[in-house]
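heads up, no residue letters with this:
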């Protein structure tokens, strides 16, 4: 049976800012003791209201979107994305994405892969399901999310592209290189007459786990198609111990998140002059530097030219 995998990425990176997205707490969770960098806002105490969003975080997301050749939308609406997990103290996540609104950046292209959108959102807290303990130091840290079209056809293509993306982001000094990335990977497979249901692999936090999870999921879904089954839409996690993906829950739809505009946060209007200023300050990308290196004349050519 000839199989063609279709793989799309949702990549989350921690922006290099001193403060969290909606409060002045330090955006430091790795070196701090648990629950030391918190306040009533990022722990969602009754009556606490968000501060205006972190301007430096917004600037860095715009810079990344421009580097990914995205169109920047000038009117942005904060949305509440609802879901009920212990790591989300408010019961919703604030995000510049969602149905019926324009994301911060869209219609991009990076290293041959189309970018659906880039947007800014807040990180939830750190929850340990085994112990039940929650560390809110991470709650409210600004995140960028980059969403690609499902144009990858193997784990090798995914890893190669991610390495280029991570190199570019580290070169820009916009994303914390020590924090790593979190990726949700969408996978389904096609045969001549059949197609498996799309599965989302959640919270993969290393290139090694991404490769292993994608390879396993392609094999699992291929076996389902051989048995005449298409599988189910679901979210799965990768178990390092079992070296395979395991079921988390059935896949939510857009309606399940109950997106609504946040009444506590104002509309963001981005001026064309600010976009131009950020674009002018962008460094040359590593890929452009490599192209220039290979197309530039050698020193000998320069010395003999007239």
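Nice, I can see it. In this text the structure is predicted, and so the values were computed from the model without any measurement.

Over to residue 14. Which of the three states is it?
strand (DSSP: H, G, I helix; E, B strand; the rest coil).

ditto for residue 183
Classified using three-state DSSP, residue 183 is strand.

Go ahead and confirm it touches residue 12.
Yes - Residue 183 is in contact with residue 12 according to C-beta atoms under 8 Å; the separation is 7.0 Å. Using the backbone N, CA and C atoms, a C-beta is placed for each residue, glycine as well.

Looking at these two, which is more packed in?
residue 183 (23 against 19; other C-beta atoms under 10 Å).

any idea how far that one is from residue 236?
For residue 183, the distance to residue 236 equals 13 Å [C-beta to C-beta, to the nearest Å].

what about the protein, any weak spots by pLDDT?
1, 251-252, 289-306 (pLDDT under 70).

Where does the closest residue to residue 177 other than its chain neighbours sit: helix, strand or coil?
Using C-beta to C-beta, 6 or more residues apart in numbering and skipping the chain neighbours, the partner closest in space to residue 177 is residue 170 (4.8 Å). Under three-state DSSP, residue 170 falls in the helix class.

Counting neighbours, what do you get for residue 170?
Neighbours of residue 170 (other C-beta under 10 Å): 14.

I'd say it and residue 176 touch.
No - counting by C-beta under 8 Å, residue 170 sits too far from residue 176 to count as a contact (9.3 Å).

now the strands for the stretch 101-250 of the chain?
For the stretch 101-250 of the chain, the strands defined by DSSP state E, counting those that start in this stretch cover 105-110, 113-122, 126-127, 134-135, 142-148, 181-190, 199-204, 234-239, 244-250.

Identify whichever of those strands lies nearest to residue 60.
In terms of C-beta to C-beta, the element of the strands of the stretch 101-250 of the chain nearest to residue 60 is strand 142-148, at 7.4 Å.

check which helix or strand covers residue 5.
Secondary structure assignment for residue 5, by DSSP states H and E: strand 4-14.

That strand: which residues count as buried?
For strand 4-14, burial by neighbour count (16 or more other C-beta atoms under 10 Å) applies to 5-14.

And those residues, which is closest to residue 259?
Using C-beta to C-beta, those come closest to residue 259 at residue 10, 16.2 Å.

Which stretches in this structure count as helices?
55-67, 155-172, 207-226, 272-280, 286-295, 299-304 (DSSP state H).

Point out the most buried one among those.
helix 55-67 (a mean of 21; mean count of other C-beta atoms under 10 Å).

which other residues reach it?
15-18, 21, 72, 104-105, 108, 110, 118-120, 142, 144, 146, 168-169, 172, 174-175, 268, 270, 274-275, 278-279, 281-282, 285 (C-beta atoms under 8 Å, 6 or more residues apart in numbering).

now stretch 150-167, how far from the chain's geometric center?
With C-alpha atoms, centre = their mean, to the nearest Å as the basis, stretch 150-167 stands 14 Å off its chain's centre.

again, but for stretch 32-52
Worked out by C-alpha atoms, centre = their mean, stretch 32-52 lies 23 Å from the chain centre.

which residues touch residue 216?
Counted by C-beta under 8 Å, 6+ apart, residue 216 has contacts 238, 243-245.

at 6 Å instead, please
244-245 (C-beta atoms under 6 Å, 6 or more residues apart in numbering).

Who does residue 184 form a beta bridge with?
residue 10 (DSSP bridges).

Can you report how many residues neighbour it?
17.

That one contacts residue 8, correct?
No - counting by C-beta atoms under 6 Å, residue 184 does not reach residue 8; the two are 9.2 Å apart.

picking that back up, for residue 164, find the nearest of the strands of the stretch 101-250 of the chain.
strand 105-110 (7.7 Å).

Just checking: what are the partner strands of the closest one?
strand 71-72 (antiparallel), strand 113-122 (antiparallel).

To residue 50, which of the ones you listed lies closest?
Of all the strands paired with strand 105-110, strand 113-122 comes closest under C-beta to C-beta, at 9.3 Å.

ok, back up a step: deepest-packed of the strands of the stretch 101-250 of the chain, please.
strand 142-148 (a mean of 23).

quick one: that one to helix 155-172, angle?
Here the directions of strand 142-148 and helix 155-172 differ by 140 degrees (axes from the mean of the first three to the mean of the last three C-alpha atoms, to 10 degrees).

Packing partners of strand 142-148?
Strand 142-148 is packed against strand 4-14, helix 55-67, strand 113-122, with contacts defined by 3 or more C-beta pairs under 6 Å, 6 or more residues apart in numbering; DSSP states H and E.
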